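Peer 1: need a 3D model of the following:
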Amino acid sequence: MFDTLSDRLGGIFERLRKSASLSESDVDAAMREVRVALLEADVALSVVKDFIGRVKAQAVGQDVVRSVTPGQMVVKIVHDELVAMLSGGQEESAQALNLNAVPPVPILMVGLQGSGKTTSTAKIGLRLTARDKKRVLMASLDTRRPAAQEQLKVLGEQANVDTLPVIAGQNPIDITRRALAAAKLSGYDVLLLDTAGRLAIDEALMAEVAEVERVAQPVETLLVVDALTGQDAVNVAENFRERINLTGIVMTRVDGDGRGGAALSMRAVTGCPIKLMGVGENLDALEDFHADRIASRILGMGDVVSLVEKATESIDQEKAQKLADKMAKGAFDLDDLADQLRQMRKMGGMQGLLGLLPGVGKIKKQMNDMDVDEKTLVHQEAIISSMTIKERTNPKILNASRKRRIAAGCGLTVQDVNKLIKMHRQMADMMKRMGKMGKKGLLGGLGGALSGVGSPGGSAGSLPGLGEGALPPGLPPGFPKTK
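Peer 2: Prediction:
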């Protein structure tokens, strides 16, 4: 969502970094460009004015003038002000879901029709169950939209989260009272109440949600807004805040091609912290909102912390240890490759991983220009699944007839099978070389790669071999242009 804004700001600050010294006129020119970039990203005018004013006041000070690298100091000031704008000056603990109450903790979900509220309810239920080990009960209060209650039930079954049984004819207030009683009697930790989607101008529905809030006394009242609605999302938040006590915002479709202005404006205009972000259609595609990490992504510094968190959640530690042992011996079969492909898809695919690495924005653009098809990962898994156990552990026995059988089994071509085998052979050779390096060599290489990367006061970073123009013409075997 922030790609366009990130590209614009990246070009502005790249010119600043190259300057040995900065005059007030240089800063004025840069701030004019930043103002235009933010307005084009649909950030509220009042927010842009305040932001530019604060940055400019610091950027023309003596600390910047006397700095060894004044351009980088300006980037740091912009980074810090972005964090302040996105967080409202609050600590990170204030941006997390508040579950500090006597169970069951009621959480009320509100929002407009079509904003992704029911799916977000299921995502939060799965997250609290899997990560926080809470017993969660979900209840749908939407008696108006056809099959809305059934939708939450189906999502609950997919997420393995309990839902309140549906009783025909009950109104939202009665369902709320029944859900509170059931959650208390059955010992649930959290109760998620999914209200009906409504238009802000619908007085009857707004009065209904206000009454539900009075009965439920929720610890958290979360407004679900669609990031693709742009600046209008801020108006929606203000309309809801006038009627109910909003405690936080959940932004959906953050992975879309929206301009990002809603996220940048929401906190400053409404005073409500953004607590969660929906970053995909899958039920596990939900992330905590961290102002400092989002600011780093916008300024092209990457988000290594989120990358590590994703890896921790996705990677099976036991399998990782086995793979490390096999690498040390120089062994890497097709089953190992299949595990790596599955883990890469879990972590968001090639594009998702590149978006979190510092200093690789230009490479990501080059990959976009090459039309890399993420479905290639699925195709490669299908090829490996069509092989026998013997073929996966010993690819050398794959002759022409076996390749034809594998291609027919997965619905692809023999050429696709050959590309996968070639990619595996290259990876196996690389693993063998890494195994020979030993721990000291591996750690030394990693240390050199990560040193000084992504710090707010420094350059956007440059991983060895990943600098501007470093991407070789054509991708490695297994990542063809298939679009």
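Peer 1: burial count for residue 156?
Peer 2: Residue 156: 23 surrounding residues under other CB atoms under 10 Å. Placement of C-beta: from N, CA and C, glycine included.
Peer 1: how about it, secondary structure?
Peer 2: In three-state terms, and counting by DSSP: H, G, I helix; E, B strand; the rest coil, residue 156 is helix.
Peer 1: so who does it touch?
Peer 2: The contact partners of residue 156, by CB atoms under 8 Å, 6 or more residues apart in numbering, come to 122, 125, 138, 162, 163.
Peer 1: redo those residues as a markdown table? Include distance to residue 183.
Peer 2: Listed next are those as a markdown table, based on distance: CB to CB, whole Å:
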| residue | distance to residue 183 |
| --- | --- |
| 122 | 17 |
| 125 | 13 |
| 138 | 10 |
| 162 | 9 |
| 163 | 12 |
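Peer 1: nearest to residue 46 among the residues you listed?
Peer 2: Using CB to CB, residue 122 is the member of those that lies nearest residue 46, at 35.5 Å.
Peer 1: would you agree the closest one is in contact with residue 157?
Peer 2: No: checked against CB atoms under 8 Å, the pair residue 122 and residue 157 is beyond contact range at 9.8 Å.
Peer 1: and the two? which has more neighbours close in?
Peer 2: Legend: neighbour count by other CB under 10 Å for residue 122 and residue 157, higher for residue 122 (25 against 12).
Peer 1: okay, the more buried one and residue 134: tell me how far apart.
Peer 2: 14 Å (CB to CB, to the nearest Å).
Peer 1: and the nearest residue to residue 205 once chain neighbours are set aside, what does it touch?
Peer 2: Computed as CB to CB, 6 or more residues apart in numbering, the closest residue to residue 205 that is not its neighbour in sequence is residue 198, at 3.7 Å. Applying CB under 8 Å, 6+ apart to residue 198 gives the contacts 110, 112, 113, 205, 206, 209.
Peer 1: now with 7 Å?
Peer 2: 112, 113, 205, 206, 209 (CB atoms under 7 Å, 6 or more residues apart in numbering).
Peer 1: can you verify it is assigned to a strand?
Peer 2: No: assessed with three-state DSSP, residue 198 is coil; it does not lie in a strand.
Peer 1: mind pulling up the pLDDT for it?
Peer 2: Here, the pLDDT recorded for residue 198 equals 71.
Peer 1: tell me the span between the first and last residue of stretch 395-402.
Peer 2: In stretch 395-402, first residue to last residue: 11 Å (CA to CA, to the nearest Å).
Peer 1: would you mark the buried spots in that stretch?
Peer 2: 395, 398 (16 or more other CB atoms under 10 Å).
Peer 1: circling back to that earlier point, just the ones of the contacts of residue 156 in helices?
Peer 2: Of the contacts of residue 156, the ones assigned to helices by DSSP state H are 122, 125.
Peer 1: now the contacts of residue 156 as a markdown table including pLDDT and distance to residue 411?
Peer 2: Shown next, in a markdown table, are these (pLDDT from 0 to 100; distance: CB to CB, whole Å):
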| residue | pLDDT | distance to residue 411 |
| --- | --- | --- |
| 122 | 95 | 32 |
| 125 | 95 | 36 |
| 138 | 96 | 38 |
| 162 | 94 | 39 |
| 163 | 95 | 37 |
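Peer 1: out of the contacts of residue 156, flag the one nearest to residue 405.
Peer 2: Of the contacts of residue 156, the one sitting nearest to residue 405 (CB to CB) turns out to be residue 122, at 41.0 Å.
Peer 1: quick one: contacts for that closest one?
Peer 2: Residue 122 neighbours (CB under 7 Å, 6+ apart): 138, 152, 155, 156, 159, 161, 283.
Peer 1: in strands, which of these fall?
Peer 2: Those of the contacts of residue 122 mapping onto strands are residue 138, per DSSP state E.
Peer 1: mind checking which of the contacts of residue 122 are buried?
Peer 2: Judged by 16+ other CB under 10 Å, buried ones among the contacts of residue 122: 138, 152, 155, 156, 159, 161, 283.
Peer 1: ok, now how distant is the first one from residue 149?
Peer 2: Spelled out, it's residue 138. 10 Å.
Peer 1: now the fourth one
Peer 2: Between residue 156 and residue 149 the distance is 11 Å, computed by CB to CB.
Peer 1: the fifth one too?
Peer 2: Distance of residue 159 to residue 149, computed by CB to CB: 16 Å.
Peer 1: about what we covered before: format the buried ones among the contacts of residue 122 as a markdown table; extra columns: distance to residue 41.
Peer 2: Listed next are the buried ones among the contacts of residue 122 as a markdown table, based on distance: CB to CB, whole Å:
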| residue | distance to residue 41 |
| --- | --- |
| 138 | 35 |
| 152 | 34 |
| 155 | 32 |
| 156 | 37 |
| 159 | 33 |
| 161 | 36 |
| 283 | 29 |
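Peer 1: now do residue 112 against residue 337, distance only.
Peer 2: Computed as CB to CB, the residue 112 to residue 337 distance reads 45 Å.
Peer 1: quick one on the thing from earlier: farthest-separated two in the contacts of residue 156?
Peer 2: Longest span within the contacts of residue 156, CB to CB: 122 and 162, 11.6 Å.
Peer 1: from what I can see residue 233 touches residue 265, true?
Peer 2: No: contact criterion CB atoms under 7 Å: residue 233 and residue 265 do not qualify, at 8.3 Å.
Peer 1: for residue 270, give me its contacts.
Peer 2: Residue 270 sits next to 234, 237, 238, 241 when contact means CB under 7 Å, 6+ apart.
Peer 1: ok, the second one - contacts?
Peer 2: Yep, that's residue 237 we're talking about. Residue 237 neighbours (CB under 7 Å, 6+ apart): 223, 225, 249, 266, 270, 272.
Peer 1: residue 424 now?
Peer 2: Contacts of residue 424 by CB under 7 Å, 6+ apart are 334, 337, 395.
Peer 1: of those residues, the lowest pLDDT goes to which?
Peer 2: residue 337 (79).
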